[in-house]
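Asks: predicted structure and sequence below. I'll ask about it afterward.
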Amino acid sequence: MFGKKEKPEKREGFIKRLRARINRGDSWLTYDLANLAPGGKIDNDVLDELESLLVMADVGVETTERIISDLQKSLARKELKNVEALRLGLRQSLCDILDPVEAPLTIEPTVGPFVILMVGVNGAGKTTTIGKLARRLKDDGYSVMLAAGDTFRAAAVEQLQAWGQRNDVPVIAQHSGADPAAVIFDALDAARARDIDVLLADTAGRLQSQKGLMDELTKVKRVLTRRDETAPHEVMLVLDASQGQNALVQAEKFHDALGLTGITVTKLDGSAKGGILLAIANKLKVPVRFIGIGEAAEDMQTFVAEEFVNALLTSGETNK
């Protein structure tokens, strides 16, 4: 099993920062539900306004309709008698969507190294996520190796090497423009020779609309499978939450091409409203491994649905 349980004080600090950062700006997250029903009465007009707020918060039309449908059924049963009942009903709907995708990354024992193929578009924070994940794995007692499969950007290789030095883990890299599949294949052989537990393979940032580049990623996966029929053991997509509905489109394209087994959502501290995580969970049902709210290693933590929902529905200043 991957990951020792986070220290309570660190976890508490992370959730406090998540709550504060995700509740910035003018969105439904900071909007007191009481403002929707000044007289305290919950009716279809209130739910219509909540529906608009959800759509604007990147939850997406399909997922919003699911949430509002649940609330309308409760309203018909006369269960939404006041704002607190609405809050509880909304909380239950959000948990129903997110609970199924709460699944921490598990490092299974394998004959060779456990291979994690990291994918995502440029700017999503993929290489930084690799560095943070390497740190977590080392802290949990695993030996780690990094593969610099993004051979098109010299800066990407340098960034990965910097993370390798910082975490004292080896990095396998080749010259600029080298075949990414060959680099990662060689890294797998090197990891096997050194009896490494986990191989984290970086890849170039892909624009999901460019079929040739997506085909190259499938080639990387295919080459790994030739060397180890069980590899890669995890295909993890890194998504920038501030991309909104574009992040959902990216996730769908990568999932269709590669068969994602995990997702890490970054930059929830930026302009993101957090709703996109609900849209992705509802549409794809792919496990969400980690969420990130900043650059520091401790700013990436395992995803816990209940904590995330509490952060969405609680202001940054209070604990209610």
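Replies: Arrived safely. Residues are numbered from 1 along each chain as shown.
Asks: tell me where the stretch 151-300 of the chain has helices.
Replies: Taking DSSP state H, counting those that start in this stretch as the test, the helices found in the stretch 151-300 of the chain are 154-167, 180-193, 211-227, 245-258, 275-284.
Asks: deepest-packed of those, please.
Replies: Greatest average neighbour count among the helices of the stretch 151-300 of the chain goes to helix 275-284 (a mean of 24), per mean count of other Cβ atoms under 10 Å. C-beta: built from backbone N, CA, C; applies to glycine.
Asks: let me see the backbone angles for Thr302.
Replies: phi -60, psi 150 (degrees, to the nearest 10).
Asks: in TSV: the helices of the stretch 151-300 of the chain, plus mean pLDDT and distance to Ser74.
Replies: Supplementary listing: the helices of the stretch 151-300 of the chain in TSV, determined by pLDDT from 0 to 100; distance: least, Cβ to Cβ, whole Å:
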stretch	mean pLDDT	distance to Ser74
helix 154-167	92	48
helix 180-193	96	50
helix 211-227	89	42
helix 245-258	93	27
helix 275-284	94	18
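Asks: so which of those helices is nearest Asn122?
Replies: helix 154-167 (9.0 Å; Cβ to Cβ).
Asks: quick revisit: could I get the helices of the stretch 151-300 of the chain as JSON lines with distance to Ala305?
Replies: As requested, these are exported to JSON lines (distance: least, Cβ to Cβ, whole Å):
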{"stretch": "helix 154-167", "distance to Ala305": "29"}
{"stretch": "helix 180-193", "distance to Ala305": "32"}
{"stretch": "helix 211-227", "distance to Ala305": "29"}
{"stretch": "helix 245-258", "distance to Ala305": "18"}
{"stretch": "helix 275-284", "distance to Ala305": "9"}
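Asks: out of those, nearest to Phe290?
Replies: Counting by Cβ to Cβ, and looking across all of these, nearest comes helix 275-284 at 11.6 Å.
Asks: helices or strands next to that closest one in the packing?
Replies: The contact analysis (3 or more Cβ pairs under 8 Å, 6 or more residues apart in numbering; DSSP states H and E) places helix 275-284 against helix 61-76, helix 83-98, helix 245-258, strand 262-266, strand 288-292.
Asks: re earlier: looking at the helices of the stretch 151-300 of the chain, which is nearest to Asp299?
Replies: helix 154-167 (14.8 Å).
Asks: elements contacting that closest one?
Replies: helix 126-139, strand 144-149, strand 171-172.
Asks: CA atoms only for that helix - export them in CSV, please.
Replies: C-alpha atoms of helix 154-167 as CSV (Å, rounded to 0.1, in the frame of the first residue of the first chain):
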residue,chain,number,x,y,z
ALA,A,154,15.4,20.8,-22.7
ALA,A,155,13.9,22.8,-19.8
ALA,A,156,11.8,19.8,-18.9
VAL,A,157,14.8,17.5,-18.6
GLU,A,158,16.7,20.1,-16.5
GLN,A,159,13.7,20.5,-14.3
LEU,A,160,13.4,16.8,-13.7
GLN,A,161,17.1,16.5,-13.0
ALA,A,162,16.8,19.3,-10.5
TRP,A,163,14.0,17.3,-8.7
GLY,A,164,16.2,14.2,-8.9
GLN,A,165,19.0,16.0,-7.2
ARG,A,166,16.7,17.5,-4.6
ASN,A,167,15.2,14.1,-3.7
